[in-house]
Every structure is written in C-alpha cells, then in structure tokens.
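Undergrad: Quick check, what structure comes out for this input:
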Amino acid sequence: MPITFIVLFGLGILSGVTTALFGFGGGFVTVPVVYAVAARGPDAMHVAVGTSTAVMLVNSLGATVTVVRAGRLRREYVWPLGGFIALGAGLGALAATSVADGLLHALFAAYLALTIVDSVLRRGFLTGGQPRPLGRVTASAGGAGIGAVAAFLGVGGSVLTVPLLRRRGLPMRDATALANPLSLPVAAVATAVYLVAPGPAALDPVAAGLLLAGSLPAIAVLRRWPPAIPDRAHAVAYLGLLGAALVTVLA
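TA: Residues are numbered from 1 along each chain as shown. Below is the predicted model of the structure:
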C-alpha cells in the first residue's frame, strides 16, 4: 500500500507538469494511472474516469487562474466554444455511466491512437501557421462533440482542443494554455454527473487526494518559472506524451 501511495503522488507531479505545459488537465495521466494502480473490480475503468474528472477539475482551475493572471486568455477562442463543450460534456458523462467497462477501456485506447495518427498525418499540428478565428459550425457542433467525447472518456478535451487551435494557427504555447479553461466545463459537468449517477461510486477519493497532492505544487512551480520550449519541440513532446499514455493503457 505505501508503494501505491508513492506511485500516485509521483504521478500526480507528472499530472501537474502536463497540465501546466500541455493543457492535459491530468486526464491522460490519471485515467491510465488509476486504472493500473488503484482501481480494482469490474468497474475499474469507470472509477478511473470518474477520479480523473475530479482531479482534472482542480488542476485545470488552477492552471486557468494562471492563464488569466498572465493575460493570455484569448476570449474569442474560449467563448462560445466553451459553452457548447459544457453541453456536450453532460451528454457524454451520462452515456459513460451506462457503458460496459471493457468497452470504455477499448474506446479510450482507440481515442489516443487515432489522435496521434491524425496529428502526425494531417497538416498543421507540427508546423502551425497564421491565427484564424473559429467558425460557427466548429464552435457549436464541434464544441458539443469535443465535450461529449472528453467527458465520456474522462480526458478533459485538450487532445481535441489543442489540435483544433493548433490548426487555427495558434502557437503551441497559446493552444495548450487555452486547453485548461476549455477543460473546465468538461471537468465540472462530468464530475457532477459521476457523483450523482446511480450504481457504484465512480470516484476513488484516496487516489484523487494523492494525485492532487503531487500535481498542485508542480503547477505552482511551473506557474512561477515557466520553461521556454521551442514551438515544434513543444508539439512533438505533446504527441510523445500521448504515445506514453497509450502504451500505459494497453499494458
């Protein structure tokens, strides 16, 4: 048991780093970690997803405060996209509570794999471009789709919002920064749904507490001393972390 606590705390630090630098909000770290280390039984994946949304809520809130204080919140990319993400998140979280655990696990792995392949093969993610505004269809239908998928899998939506904003020409620094405020509606809505949903508790409070004990100080340190990462290296590192999460889930 002490080893499990140390592992969760250490990976909580990693969750904080990915939140601050890549806008992950913790989902791609916490879901594989809780599933592999802490969750047990037939509902293990549901517990991992539910715990992830709770951790993500706190992490993304802290990182969003940093973005606002630094004057880096670009409202034209956050609203109305964030509102439609919240709408889709409610539907996605409700759907996840009634899906078989094995299917949820398989869909999570498929989601990671498709995202990696899409980001490598489609133009725009690795190279960037000139910033362009979001269209109405992208903000509405696209936002609802992002929220539904993100809440269903407990990942916050950064894996969809970062590539989206990247292809709209935003540098990685801005795209990952905006991923946190765009993850907030997913985390808030999904956490509320998982807490009130009937059936077994989809939240491990001990695992969540240990992960947050590691992640929050890491976010605070990186808030004060943010590293300077070249844009392309930032994009490649983002894909590398997605690959590591996929290996963890499959293993």
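Undergrad: CA atoms only for stretch 120-128 - export them in PDB, please.
TA: Output of stretch 120-128 as PDB, limited to C-alpha atoms (Å, rounded to 0.1, in the frame of the first residue of the first chain):
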ATOM      1  CA  VAL A 120       1.000  13.300 -37.500                       C
ATOM      2  CA  LEU A 121      -0.600  12.800 -40.900                       C
ATOM      3  CA  ARG A 122      -2.800  15.900 -41.100                       C
ATOM      4  CA  ARG A 123      -1.100  19.200 -41.900                       C
ATOM      5  CA  GLY A 124      -1.000  22.000 -39.400                       C
ATOM      6  CA  PHE A 125      -0.300  20.400 -36.000                       C
ATOM      7  CA  LEU A 126       3.500  20.100 -36.200                       C
ATOM      8  CA  THR A 127       4.100  23.200 -38.300                       C
ATOM      9  CA  GLY A 128       1.500  25.800 -37.100                       C
END
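Undergrad: tell me the strands in the stretch 101-250 of the chain, going along the chain?
TA: Defined through DSSP state E, counting those that start in this stretch, the strands belonging to the stretch 101-250 of the chain form an empty list.
Undergrad: Number of residues surrounding residue 9?
TA: Each residue near residue 9 was counted by other C-beta atoms under 10 Å, and the total is 16. To be clear about C-beta, it is placed using only N, CA and C from the backbone, and glycine gets the same treatment.
Undergrad: doesn't residue 214 make contact with it?
TA: Yes - the pair residue 9 / residue 214 is scored as a contact, 4.5 Å apart, by C-beta atoms under 8 Å.
Undergrad: So which elements touch the helix or strand harbouring residue 59?
TA: Assessed by DSSP states H and E, residue 59 sits inside helix 44-69. Contact here means 3 or more C-beta pairs under 8 Å, 6 or more residues apart in numbering; DSSP states H and E; on that basis helix 44-69 packs against helix 2-22, helix 27-33, helix 81-96, helix 101-121, helix 172-196, helix 205-224.
Undergrad: switch to 7 Å and redo it
TA: Packing contacts for helix 44-69, counted by 3 or more C-beta pairs under 7 Å, 6 or more residues apart in numbering; DSSP states H and E, involve helix 2-22, helix 27-33, helix 101-121, helix 172-196, helix 205-224.
Undergrad: I'd like the ones you listed as a markdown table, with distance to residue 147 appended.
TA: Listed next are the helices and strands packed on helix 44-69 as a markdown table, based on distance: least, C-beta to C-beta, whole Å:
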| stretch | distance to residue 147 |
| --- | --- |
| helix 2-22 | 19 |
| helix 27-33 | 13 |
| helix 101-121 | 14 |
| helix 172-196 | 6 |
| helix 205-224 | 22 |
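Undergrad: and among those helices, the most buried is which?
TA: Comparing the helices and strands packed on helix 44-69 by mean neighbour count (mean count of other C-beta atoms under 10 Å), helix 27-33 ranks first with a mean of 30.
Undergrad: mean pLDDT for the helices and strands packed on helix 44-69: which is lowest?
TA: Comparing mean pLDDT across those, the lowest value falls on helix 27-33: a mean of 70.
Undergrad: between the helices and strands packed on helix 44-69, which gets nearest to residue 244?
TA: Proximity to residue 244, assessed across the helices and strands packed on helix 44-69 by C-beta to C-beta, is greatest for helix 27-33 (8.7 Å).
Undergrad: And residue 50, how close does it get to residue 208?
TA: Residue 50 is 9 Å from residue 208, where distance means C-beta to C-beta, to the nearest Å.
Undergrad: now do residue 102
TA: From residue 102 to residue 208 the distance is 23 Å (C-beta to C-beta).
Undergrad: thought residue 12 was touching residue 219?
TA: No - assessed by C-beta atoms under 7 Å, residue 12 is found out of contact with residue 219, at 10.4 Å.
Undergrad: tell me which residues in stretch 231-246 are buried?
TA: Neighbour counts over stretch 231-246 (16 or more other C-beta atoms under 10 Å) mark 234-235, 237-239, 241-242, 245-246 as buried.
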